[in-house]
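Colleague: Sequence first, predicted model second:
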Amino acid sequence: MQIGKFDLSRYPIILAPMDGITDKVFRKICKEMGATLTYSEFVSADAIIRNVKVSFDKISKNEDEFPFVVQIFGNDPEIMGQAAKLVESAGADIIDLNFGCPMKKIVSKGAGAALLKNPELMLEITKNVVKNVNVPVTVKTRLGWDETSIIIDNIARGLQDCGIAALTLHARTRKQLYSGNADWDYFLKLKSDSSFSIPLIANGDIDNPEKAKLLFDDYGVDGVMIGRAAIGNPWIFRDCNDYILKNISPKPISINERLAICKRHFNELAAMKNEKVAIIEMRKFFKNYFKGIANIKQYRVALLEATSLEEIHSIFNDIKNIEEKV
Ligand SMILES: Cc1cc2nc3c(=O)[nH]c(=O)nc-3n(C[C@H](O)[C@H](O)[C@H](O)COP(=O)(O)O)c2cc1C
C-alpha cells in the first residue's frame, strides 16, 4: 500500500488510533510486534493552535516510529488547516482527519462523526488541510450517521477528489457506536467502484489473523486496521504478519511472555507519565494481557485494585509463580 510517498508493505496491519490507549509506550510495543503503521491518539485542533502541552505530548513520536500518523479532530476548516501545519512542523509524517468519533463530547461540538451530517463541511475541512500541508493527508470515518443516512459511497469519492492519500473506514454508523457488526460489504462496494482509486483501510471487528487475511484476499482492501483486539494483545500484529506472509498459525503466548510485555508496558508508562497515572491507565490492559490463563481471576482483580507500584510488582510475582507451579 502506498500512502503518498510512503511505500508500506503489501499487507499492512495497522494499529488504530485509540484515545487513552495508543500512547507513545503502547505504540512502541505494537511497532516492535510488527504493526506497519501507528497513529497517535486523536488531538483537538483547537488545543494544538492554543499550544496545549498535553496535546503536543500525545503527538510526540518514538525514535524509530516511521511513518507516524497524527490524528486531529475539529470542525472549523481554518483551525483544522492551521493545526495541521503545526502538527506537520512537530514531526507528523502523515495527518489523519477524524470524521468518525461517536462520543457525545466530540459530536456535540460538531466534530468527529457529526461531520457525517454535514458532508459539505467535511469536504471543506479536508480541502483546507490538504492545501495547508506537504505531508499526505488521510481520513478515518464511518458509513454515515445512521442506517437511513449512509453516505460513504459519495463521501469517499468526494474526499478522494479533495486530495487525500488513503481512506480508513470503520464500517459502522455513528448510531451503532460499537454495537452490532461492522458491515464489511461496504469494503467490497468501495473496492469495486472504479471511480474510487485511493487505498482503502478496513476497520471494525478484525480480531484475528484469519479475518485480516480474508479482508485482503476476498474483500480486496489495501490495509487492515486493528483497534480493540490489540489492547493488551500486541502479539496480534506478529500473528497477522506470520499468518499472512508465512502461513504460520498463531501459537499460544506463555505467561512469561505476557508478563514480560505487561511489566515493560507498566514500567515505561510509570516512567513517562507517573506511578499513579500508570496504575490507573494499565487497568484497561490487564484483563487482556492475562486472558486465557487458568486461575488468573483473583490476580486480575488484585491488579485492578492495586494502588502502588510495589503492590503491582508483587502481584506480577504471584502470577509468575502460577506458571512455575504448572
Ligand atoms: C478506547 C477507544 C478509543 C478510541 N479512540 C479513537 C480515536 O482517538 N480516534 C479514532 O479515529 N478512533 C478511535 N477509536 C475507534 C477505533 O480506532 C476503531 O475505529 C474502533 O475501535 C473499531 O475497530 P476495532 O473493532 O478493531 O476495535 C477508539 C476506540 C476505542 C475502543
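Modeller: Structure received. Computed from a prediction, not measured in an experiment: that's the story for all the values here. Numbering: from 1, shown residues only.

Colleague: Double-check that residue 38 belongs to a strand.
Modeller: Yes. When the secondary structure is assigned by DSSP: H, G, I helix; E, B strand; the rest coil, residue 38 falls within a strand.

Colleague: per the record, what domains does this protein have?
Modeller: The chain breaks down into these domains under automatic domain parsing: 2-246, 255-325.

Colleague: With respect to burial, which of those domains scores highest?
Modeller: Mean neighbour counts were compared across these using mean count of other C-beta atoms under 10 Å; the top stretch is domain 2-246, at a mean of 19. The C-beta positions use only the backbone N, C-alpha and C, and glycine is treated the same way.

Colleague: Quick check: mean pLDDT of that one?
Modeller: In this model, domain 2-246 carries a mean pLDDT of 98.

Colleague: Flag every residue of the chain that's near the ligand.
Modeller: Counting by C-beta under 6 Å from any ligand atom, the residues of the chain lying close to the ligand are 16-21, 41-42, 71, 98, 100-101, 140, 170, 203-206, 226-229.

Colleague: one more time with 5 Å, if that's ok
Modeller: Applying C-beta under 5 Å from any ligand atom, one finds that the chain approaches the ligand through 16-19, 41-42, 98, 140, 170, 203-205, 227-228.

Colleague: pull the CA atoms of stretch 229-239 into CSV?
Modeller: Extracted in CSV, the C-alpha atoms of stretch 229-239 (Å, rounded to 0.1, in the frame of the first residue of the first chain):
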residue,chain,number,x,y,z
ALA,A,229,-8.2,-6.6,19.7
ALA,A,230,-4.8,-5.0,20.2
ILE,A,231,-5.5,-3.7,23.7
GLY,A,232,-3.3,-5.9,25.9
ASN,A,233,-2.6,-8.1,22.9
PRO,A,234,0.1,-6.5,20.8
TRP,A,235,1.1,-10.0,19.6
ILE,A,236,-1.8,-9.8,17.2
PHE,A,237,0.5,-7.8,14.8
ARG,A,238,3.1,-10.6,14.8
ASP,A,239,0.4,-13.2,14.4
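
Colleague: rewinding a little: out of the residues of the chain next to the ligand, which are inside strands?
Modeller: 98, 140, 170, 203 (DSSP state E).

Colleague: Report the closest residue of the protein relative to the ligand.
Modeller: In the chain, the residue found nearest to the ligand is residue 227; the distance is 2.8 Å by C-beta to the nearest ligand atom.

Colleague: where along the chain do the strands fall?
Modeller: Counting by DSSP E, the chain has strands at residues 2-3, 6-7, 13-15, 37-39, 43-44, 68-73, 94-99, 137-142, 166-170, 200-203, 223-226.

Colleague: helices or strands up against the fifth one?
Modeller: Other helices and strands packing on strand 43-44, by 3 or more C-beta pairs under 8 Å, 6 or more residues apart in numbering; DSSP states H and E, are helix 53-58, strand 68-73.

Colleague: ok, and what's touching the last one?
Modeller: To tie it back to what came earlier, the one meant is strand 68-73. The list of residues contacting strand 68-73 from outside it, by C-beta atoms under 8 Å, 6 or more residues apart in numbering, reads 17, 37-45, 48, 59, 61-62, 80, 83-84, 87, 90-98, 101, 106, 111-112, 138, 140.

Colleague: Give the partner strands of it in its sheet and their orientations.
Modeller: Applying DSSP bridges to the sheet, strand 68-73 is found paired with strand 37-39 (parallel), strand 43-44 (parallel), strand 94-99 (parallel).

Colleague: Centre of the chain to the second one, how far?
Modeller: It refers to strand 43-44. When distances are taken as C-alpha atoms, centre = their mean, to the nearest Å, strand 43-44 is centred 14 Å away from the chain's centroid.

Colleague: what do you get for stretch 4-18?
Modeller: 11 Å.

Colleague: first to last residue in it, what's the distance?
Modeller: End-to-end distance for stretch 4-18, by C-alpha to C-alpha, to the nearest Å: 23 Å.

Colleague: Thanks a lot, see you next time.
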